[in-house]
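In: Model the structure of this input:
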Amino acid sequence: MPEPIPVLVIEDEDAVMSFIQAAMERSGYRVIGAPSGVDGLKLLASGDFKGVISDMRTPGGVTGADVHDWIVTHRPELAAKIIFITGDTVNDETQRLLQSTGAPCIEKPFRVAQLIGAVEARFGKP
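Out: Okay, the predicted model is just below:
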């Protein structure tokens, strides 16, 4: 059986990262975690990923929208394979960024079924 192509998860909260990793790995995906957008971009520059799940706000000055813009320019094959997660959907700036990317967003806190449903719809089943 082939090794599953990993999904990059950019999330700075350890508890959220652990939750996503456990849920995704139980469903047959392999998760590579990055604690910031900066770290995520380094991994994207050299790695092969089935998709990207990114928090909208991470430390280090690179937002989820910045990651999206980088992907569109440098990894266009992944442009339709991004899911955002955020606890900040009421913020006008966050709303504008989400609309500009066209990518789906899952609001924190979310359930496993919600996450896996979005992942399967966007990235395909493992």
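
In: Who are the contact partners of the closest residue to residue 25 other than its chain neighbours?
Out: Nearest non-adjacent residue to residue 25, counting by CB to CB, 6 or more residues apart in numbering: residue 31, 6.1 Å away. (Glycine included, C-beta is placed from N, CA and C.) Under the criterion of CB atoms under 8 Å, 6 or more residues apart in numbering, the contact list for residue 31 reads 6, 7, 9, 20, 21, 24, 25.

In: helices or strands up against the helix or strand where the fifth one lies?
Out: I take that to be residue 21. Under DSSP states H and E, the secondary-structure element containing residue 21 is helix 14-26. Secondary structure elements in contact with helix 14-26, counted by 3 or more CB pairs under 8 Å, 6 or more residues apart in numbering; DSSP states H and E, are strand 6-10, strand 30-34, helix 112-123.

In: Partner strands of the second one, with direction?
Out: If I follow you right, that is strand 30-34. Each strand that pairs with strand 30-34, with its direction, by DSSP bridges: strand 6-10 (parallel).
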